[in-house]
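*Asks:* The sequence isn't on hand, but the structure is:
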């Protein structure tokens, strides 16, 4: 209990017990206990997720939806059970609205290709914010390049917050689509997405929300949010890599044409005509990542068993504590000081390159991310090449933040 925050202990988030569920946290790096603070890149996996995927391969390995033998039926049932778990987790209305993809990137590209590309023309506008991950920039640039549409960007403040009034002002009759991050991967800023979605929907503009950095840290209700699309990845929410989810409102996705063909996305094929499968299967061409989907379902079971209020309080405490610790290091500066943040503290140290900082921290067994975090426009906004990013999960502790502070003091010693 000694490394739990008071809030976590009070609300029942037993961090030491949680840590025991994640086998990798028991390993050492360079002879030091691992302090894993790179969760915004990918989170670690509990034993239950690893076991669920192993059980698929050892007990029911088979393709899905096509077989009448027992293994195929068992695998299909497990796969579709995960779809229902996802539906409940994000409070979607129907399983038909849950499309399995490789991750957030593929989800956004699917929407760009099947929904936005066919519906925009030269002079139309797609609106994003200056906080976006490259995965929520490049697909829209591709659409604009092919159609003549124009990409518009909402600026951010020196604190790393989207200017809501500027967002509203940029919603014009030319705006045909909006794509926004729920939480910034580079700064941790929590955007006022409900208000942003409402502003767009009032004007009849469809919205996609990139939720990759939100679903591990806070409850998400897609019906309450009101967005047309919501995308996220399994590997950032204690699930496996190579699997993710695109939620799409049924009335919207029912009119979309698939952007990949073959396999399970068809009902019938002739040389004259192909009849597409029902939702959501028409968007799941080919053999999917069956083990990954099953692992994602188990990750959702794991998350669903936690006290979300305690999770939010614990992680908020870690962000606040880390901000204090890092700010106390001479020459260190926090990048991104939004009033509402989730899971991320990004910073620089005067005269020391972030990659050098990350290398020295690694020698102390501390894993952080250094670089532009696939958000180069954010770095340009702050006139820096890169940051050091410490990002948190349910299993992190204040002791690990203290070790980060000690590691940064060693960095200062090394570089004078």
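*Replies:* On my side now, so go ahead. Bear in mind that the values here come from a model prediction, so they are computed numbers and not experimental data.

*Asks:* Would you map out the domains in this protein?
*Replies:* Structural domains assigned to the chain are 6-33+307-415, 50-304, following automatic domain parsing.

*Asks:* Pipe the ones you listed into JSON lines and attach mean neighbour count and distance to residue 41 per row.
*Replies:* Where you see a C-beta, it was placed from the backbone N, CA and C, and this is true even at glycine. Output for the domains of the chain, formatted as JSON lines (neighbours: other Cβ atoms under 10 Å; distance: least, Cβ to Cβ, whole Å):
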{"stretch": "domain 6-33+307-415", "mean neighbour count": "18", "distance to residue 41": "5"}
{"stretch": "domain 50-304", "mean neighbour count": "19", "distance to residue 41": "8"}
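
*Asks:* Those into JSON lines, with extra columns for distance to residue 40 and mean pLDDT?
*Replies:* Formatted as JSON lines, the domains of the chain follow (distance: least, Cβ to Cβ, whole Å; pLDDT from 0 to 100):
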{"stretch": "domain 6-33+307-415", "distance to residue 40": "4", "mean pLDDT": "94"}
{"stretch": "domain 50-304", "distance to residue 40": "5", "mean pLDDT": "97"}
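
*Asks:* Which one of the ones you listed lies nearest to residue 39?
*Replies:* Put simply, out of the domains of the chain the one that sits nearest residue 39 is domain 6-33+307-415, at 4.1 Å, with distance taken as Cβ to Cβ.

*Asks:* hang on, the earlier thing: which one of the domains of the chain lies nearest to residue 44?
*Replies:* When these are compared by Cβ to Cβ, domain 6-33+307-415 sits nearest residue 44, at 4.8 Å.

*Asks:* Ramachandran angles for residue 325?
*Replies:* Torsion angles at residue 325 (phi, psi; degrees, to the nearest 10) stand at phi -60, psi -50.

*Asks:* How about the contacts made by it?
*Replies:* Contact analysis of residue 325 by Cβ atoms under 8 Å, 6 or more residues apart in numbering lists 401-402, 404-405.

*Asks:* For it, give its distance to residue 397.
*Replies:* With the distance defined as Cβ to Cβ, to the nearest Å, residue 325 ends up 13 Å from residue 397.

*Asks:* still on that earlier bit, turn the domains of the chain into CSV, columns for distance to residue 42.
*Replies:* Output for the domains of the chain, formatted as CSV (distance: least, Cβ to Cβ, whole Å):
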stretch, distance to residue 42
domain 6-33+307-415, 10
domain 50-304, 5
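
*Asks:* Tell me which other helices or strands whichever strand or helix holds residue 77 touches.
*Replies:* Residue 77 is located in helix 70-90, with elements delineated by DSSP states H and E. The helices and strands touching helix 70-90, judged by 3 or more Cβ pairs under 8 Å, 6 or more residues apart in numbering; DSSP states H and E, are strand 98-101, strand 244-248, helix 290-304.

*Asks:* would you list the ones you listed in JSON lines and tack on distance to residue 347?
*Replies:* Compiled in JSON lines, those are given as follows (distance: least, Cβ to Cβ, whole Å):
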{"stretch": "strand 98-101", "distance to residue 347": "33"}
{"stretch": "strand 244-248", "distance to residue 347": "29"}
{"stretch": "helix 290-304", "distance to residue 347": "28"}
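
*Asks:* Can you check which of those gets nearest to residue 118?
*Replies:* With Cβ to Cβ, the closest approach to residue 118 among the helices and strands packed on helix 70-90 belongs to strand 244-248: 14.8 Å.

*Asks:* Off-centre distance for the next helix or strand after the closest one?
*Replies:* Following strand 244-248 in sequence order, the next helix or strand is helix 250-253 (DSSP H and E). Helix 250-253 sits 23 Å away from the centroid of its parent chain (Cα atoms, centre = their mean, to the nearest Å).

*Asks:* what's the answer for stretch 16-30, then?
*Replies:* Distance, stretch centre to chain centre, for stretch 16-30: 23 Å (Cα atoms, centre = their mean).

*Asks:* quick one: contacts for residue 308?
*Replies:* Taking Cβ under 8 Å, 6+ apart, we find residue 308 in contact with 218-219.

*Asks:* quick one: it from residue 115, how far?
*Replies:* The gap separating residue 308 from residue 115 is 31 Å, by Cβ to Cβ.

*Asks:* again with residue 331
*Replies:* 47 Å.

*Asks:* so what does the helix or strand harbouring residue 153 touch, helix or strand wise?
*Replies:* Here residue 153 sits within strand 150-154, counting by DSSP H and E. Using 3+ Cβ pairs under 8 Å, 6+ apart as the contact criterion, the secondary-structure elements in contact with strand 150-154 are strand 125-129, helix 138-147.

*Asks:* nearest to residue 26, of those?
*Replies:* Each of the helices and strands packed on strand 150-154 has some distance to residue 26 by Cβ to Cβ; the shortest is helix 138-147, at 38.2 Å.

*Asks:* Which neighbouring elements make contact with the closest one?
*Replies:* Taking 3+ Cβ pairs under 8 Å, 6+ apart as contact, the helices and strands that helix 138-147 lies on are helix 104-111, strand 125-129, strand 150-154.

*Asks:* Sheet partners, orientation included, of the last one?
*Replies:* This means strand 150-154. Looking at strand 150-154 with DSSP bridges, its partner strands are strand 125-129 (parallel).

*Asks:* wait, doesn't residue 335 sit right on residue 384?
*Replies:* Yes: taking Cβ atoms under 8 Å as the definition, residue 335 is a contact partner of residue 384 at 6.9 Å.

*Asks:* Now do the shared contacts for the two.
*Replies:* Here residue 335 and residue 384 share the contacting residues residue 348, scored by Cβ under 8 Å, 6+ apart.

*Asks:* Can you give the contact residues for the helix or strand hosting residue 346?
*Replies:* Per DSSP H and E: residue 346 is located in strand 344-349. Contacting residues not belonging to strand 344-349 are listed as 40, 184-188, 213, 319, 322-323, 326, 329, 331-336, 354, 357, 373, 384, 386-392, 408, 411-412 [Cβ under 8 Å, 6+ apart].
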